[in-house]
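> predicted coordinates and the sequence they were generated for:
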Amino acid sequence: MDAGNQVVHRIVADLDYPMFVVTAAAGAERAGCLVGFATQCSIEPPRFIVCLSRSNRTYRVACEADTLVVHMLPSHAQELAELFGGETGDEVDKFARCAWRPGPGGAPVLEECGNWFAGRVLERLPAGDHDAFVLEPFAAASANEEQFDFHRAKRIEPGHEA
């Protein structure tokens, strides 16, 4: 890694942004993972980008899905963060370990997350070791919850290599 990249990594390591759990369903498969690379990218029309690592199962299911559900992880949800960030769906049925219901497009909606939205996948774009999924939100729920942040998530050992 060159010196410029090392500096960028140090700067980015100090950022503290909200963590999300993204879920998807395609056919009989469902998947979900902890996501830190996500942001609103347009006000009108509303658009949101979620970046998924190509190395995890959620990415593979999301590539076949028309809809993704983006959950804003609440601050009290340490166990949920560890489940979706520290386990791989290749080995564990994460949904057998948490409360959920089928949501828009069949994607799971996590009961513990009061803030979530469903988005139609408009585009998939390569973005380094992740792909960016551009979403058009069309359904949502809102609750007054504080968010789980990146500095807490950094302590979770990933279920898949990044």
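Received the coordinates, thanks. Numbering: from 1, shown residues only.

> so where is the chain shaky, pLDDT-wise?
1, 15-16, 149-162 (pLDDT under 70).

> which stretches in it count as strands?
Ranges of strands within the chain are 20-26, 29-35, 38-42, 47-53, 67-72, 100-102, 108-110, 116-127, 130-141, based on DSSP state E.

> what residues sit buried inside stretch 81-91?
81-85, 87-89 (16 or more other C-beta atoms under 10 Å). Where C-beta positions appear, they are placed from N, C-alpha and C, glycine not excepted.

> show me what contacts the residue lying closest to D131 once chain neighbours are set aside?
Leaving aside its sequence neighbours, D131 sits nearest to R124 (C-beta to C-beta, 6 or more residues apart in numbering; 5.4 Å). Listed by C-beta atoms under 8 Å, 6 or more residues apart in numbering, the contact set of R124 reads 63, 131-134.

> out of those residues, which are buried?
131-134.

> which one of the contacts of R124 is nearest A77?
F133 (22.3 Å; C-beta to C-beta).

> from A38, how far out is the closest residue to the closest one other than its chain neighbours?
In this structure, F133 finds its nearest non-sequential neighbour in V50, 4.9 Å apart by C-beta to C-beta, 6+ apart. Distance, V50 to A38, by C-beta to C-beta, to the nearest Å: 5 Å.

> give me the common contacts of the two.
20, 22, 70.

> list the buried ones in stretch 129-142?
Buried residues in stretch 129-142 (16+ other C-beta under 10 Å): 130-136.

> using CSV, write out every CA atom in that stretch.
Listed next in CSV are the C-alpha coordinates belonging to stretch 129-142 (Å, rounded to 0.1, in the frame of the first residue of the first chain):
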residue,chain,number,x,y,z
ASP,A,129,-14.1,-4.7,-4.0
HIS,A,130,-17.8,-3.9,-3.6
ASP,A,131,-20.6,-3.3,-6.0
ALA,A,132,-22.9,-0.2,-5.5
PHE,A,133,-26.6,-1.0,-5.7
VAL,A,134,-28.6,2.2,-6.6
LEU,A,135,-32.0,2.0,-5.0
GLU,A,136,-35.3,3.8,-5.5
PRO,A,137,-37.0,3.7,-2.1
PHE,A,138,-40.7,2.9,-2.3
ALA,A,139,-41.8,1.6,1.1
ALA,A,140,-40.6,2.6,4.6
ALA,A,141,-41.2,2.5,8.4
SER,A,142,-39.8,5.0,10.9
